[in-house]
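> structure, please.
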Amino acid sequence: MLNLDFIGLFILLAGFIIGLGAVTVIDIHGFLGRKSNYWMEAITRTHKVTKPLIWTGIFFLIIGGFILYRNESFSGIPFYQALIAVILILNGLFLSFYVSPFLLDRELEGKQAELLPMSLQNKIIVSLIISDIGWWGGLFLLVLYITNR
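Okay, the predicted model is just below:
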């Protein structure tokens, strides 16, 4: 019989695998698309797949965290991971409801290969840095929690 710690850890790790994998894919595309029309068009197409995967990863992180940390006080690593989850959600809202519609509108206009305006590129770079630090930082904290347990 599986215990709740096992189930919580499994769901939490699944969230990292799904979410961090999708973040890595879109970040690499984003880096390449800053100066390349080819990769800019690839970003427009790829984000349609990575966006729901990132949200799925965040959902799994939250559910897995609730299960795994159910007997822990809301301090230390559980608190920091919850804070990271909130930051990832806010960052995801910007990307999903500001950047994504912008990309989709450009695609409808036939401009999906055109480079993004520098002001938007700069906002996206900040967002990608926040995302990378959040995902990798959260994974680091999970490993720290497991090894100190």
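> in the protein, which spans are helices?
4-33, 37-68, 76-94, 100-108, 118-148 (DSSP state H).
> to what extent is Leu128 buried, counted in neighbours?
Residues near Leu128, counting by other CB atoms under 10 Å, number 17. The C-beta positions use only the backbone N, C-alpha and C, and glycine is treated the same way.
> pretty sure it contacts Val25?
No. Leu128 lies out of contact with Val25 (CB atoms under 8 Å); the separation is 11.9 Å.
> tell me the pLDDT of Met1.
pLDDT recorded at Met1 is 61.
> one step back: now the helices of the chain in CSV, with mean pLDDT?
Listed next are the helices of the chain as CSV, based on pLDDT from 0 to 100:
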stretch, mean pLDDT
helix 4-33, 95
helix 37-68, 96
helix 76-94, 97
helix 100-108, 95
helix 118-148, 96
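> chain center to stretch 13-29, what's the gap?
6 Å (CA atoms, centre = their mean, to the nearest Å).
> Phe60: what's its closest spatial neighbour, skipping adjacent residues?
Gly15 (3.1 Å; CB to CB, 6 or more residues apart in numbering).
> wait, what's in contact with the one you found?
Neighbouring residues of Gly15 by CB atoms under 8 Å, 6 or more residues apart in numbering: Thr56, Gly57, Ile58, Phe59, Phe60, Leu61, Ile62, Ile63, Gly64.
> swap the cut-off to 7 Å and go again
Counting by CB atoms under 7 Å, 6 or more residues apart in numbering, Gly15 makes contact with Gly57, Ile58, Phe60, Leu61, Gly64.
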